[in-house]
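Colleague: pasted the sequence and its predicted model underneath.
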Amino acid sequence: MVFEEKMITNGEPEDEEEEEEEEEEMVDPIETVRQKCEETEHCAHTRERLEQCETRVGSRSSTQEDCTEELFDFLHARDHCVAHKLFHSVK
């Protein structure tokens, strides 16, 4: 016995590819704001400190040092900028 699978489409396109092509790629607006904030002087300074730490730690074969503090400083500076910009855009 052979069973056939049939789908009822109710007027929807049969191929999912057609549906995917019609949809535009969504861009998260917070990503744009984060990129702009990363270019500010304070964020650029904290990113530079993070990159220096990563270079220093990466150049050593065995070390217990990590860049957690520098990473948190950078994320805090960036998120502070993002929150400030988003707050003013809500008003």
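Modeller: Perfect, thanks for sending it.

Colleague: ranges for the strands of the protein?
Modeller: Remark: no strands are assigned in the chain by DSSP state E.

Colleague: any low-confidence regions in the chain?
Modeller: 1-22, 89-91 (pLDDT under 70).

Colleague: grab the most central residue of it for me.
Modeller: Geometric centre of the chain, nearest residue: residue 31, 5.9 Å, by C-alpha atoms, centre = their mean.

Colleague: look up how far residue 49 lies from that one.
Modeller: 23 Å (C-beta to C-beta, to the nearest Å). Quick note: C-beta positions are derived from backbone N, CA and C, even for glycine.

Colleague: and for residue 33?
Modeller: Separation of residue 33 from residue 49 (C-beta to C-beta): 22 Å.

Colleague: same question, residue 43
Modeller: Separation of residue 43 from residue 49 (C-beta to C-beta): 11 Å.

Colleague: any common contacting residues for these two?
Modeller: Residues touching both residue 43 and residue 49 (C-beta atoms under 8 Å, 6 or more residues apart in numbering) are residue 74.

Colleague: who's more crowded, these two?
Modeller: residue 43 (23 against 16; other C-beta atoms under 10 Å).

Colleague: you'd agree the more buried one is up against residue 82?
Modeller: No - at 9.8 Å, residue 43 does not count as touching residue 82 under the criterion of C-beta atoms under 8 Å.

Colleague: buried residues, the top helix by length along the chain. List them.
Modeller: Longest helix of the chain, by residue count under DSSP state H: helix 68-90. Applying a neighbour-count criterion of 16 or more other C-beta atoms under 10 Å, one finds 70, 73, 74, 77, 78, 81, 82 buried in helix 68-90.

Colleague: ok, residues contacting it?
Modeller: With C-beta under 8 Å, 6+ apart, helix 68-90 has contacts from 30, 33-34, 36-38, 40, 42-43, 46-47, 49-50, 53.
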